[in-house]
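Student: whatever this is, show me its structure:
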Amino acid sequence: MTNREWVDEIAGAMEVEMLALDGFDDAIIGITAEDTPRVVYDEARIIEAIMRDGCSYDEAWDHYGFNVLGSIQPTGGYPVIVKTPE
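Tutor: Numbering: from 1, shown residues only. Take a look at the predicted model:
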């Protein structure tokens, strides 16, 4: 089972909507433990996924800042992106 399938299964069981970022399933590290759970992503894994698409490190950060962070709207169920120790 992929991380995204796991999230979808839990969302279905809880009858809630959890918004996920397309193309970053490998960056999912869990869900929040709250009444309205949200998908949690590892920021470094998102950058790695963007770089796998052919971007340099700096280009990946630019893409992340503009296209990923810029697309997140703070509504119910929006994803959480965390920095983790290296």
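Student: any idea how far the residue lying closest to residue 83 once chain neighbours are set aside is from residue 13?
Tutor: Spatial nearest neighbour of residue 83, chain neighbours left out: residue 43 (5.2 Å); criterion: Cβ to Cβ, 6 or more residues apart in numbering. From N, CA and C alone the C-beta is placed, and that goes for glycine too. Using Cβ to Cβ, to the nearest Å, residue 43 is found at 27 Å from residue 13.
Student: between those two, tell me which one has more neighbours.
Tutor: residue 43 (15 against 8; other Cβ atoms under 10 Å).
Student: pLDDT (mean, whole number) over stretch 20-28?
Tutor: Here stretch 20-28 scores 94 as its mean pLDDT.
Student: stretch 31-39 too?
Tutor: Rounded mean pLDDT across stretch 31-39 is 91.
Student: contacts for that stretch?
Tutor: If you take Cβ atoms under 8 Å, 6 or more residues apart in numbering as the criterion, stretch 31-39 is touched by 7, 10-11, 14, 16, 18-21, 28, 40, 76-80.
Student: what's the first-to-last distance across it?
Tutor: Stretch 31-39 has its terminal residues 5 Å apart, counting by Cα to Cα, to the nearest Å.
Student: would you mark the buried spots in it?
Tutor: Going by neighbour count (16 or more other Cβ atoms under 10 Å), the buried part of stretch 31-39 is 31, 37, 38, 39.
Student: which among the residues you listed gets closest to residue 53?
Tutor: Using Cβ to Cβ, the shortest approach to residue 53 within these belongs to residue 39, at 20.4 Å.
Student: leaving out chain neighbours, which residue sits closest to that closest one?
Tutor: The shortest distance from residue 39 to any non-neighbouring residue, by Cβ to Cβ, 6+ apart, is to residue 79 (4.6 Å).
Student: do the same with residue 50
Tutor: Residue 50's closest residue in space is residue 60 (Cβ to Cβ, 6+ apart), at 4.0 Å.
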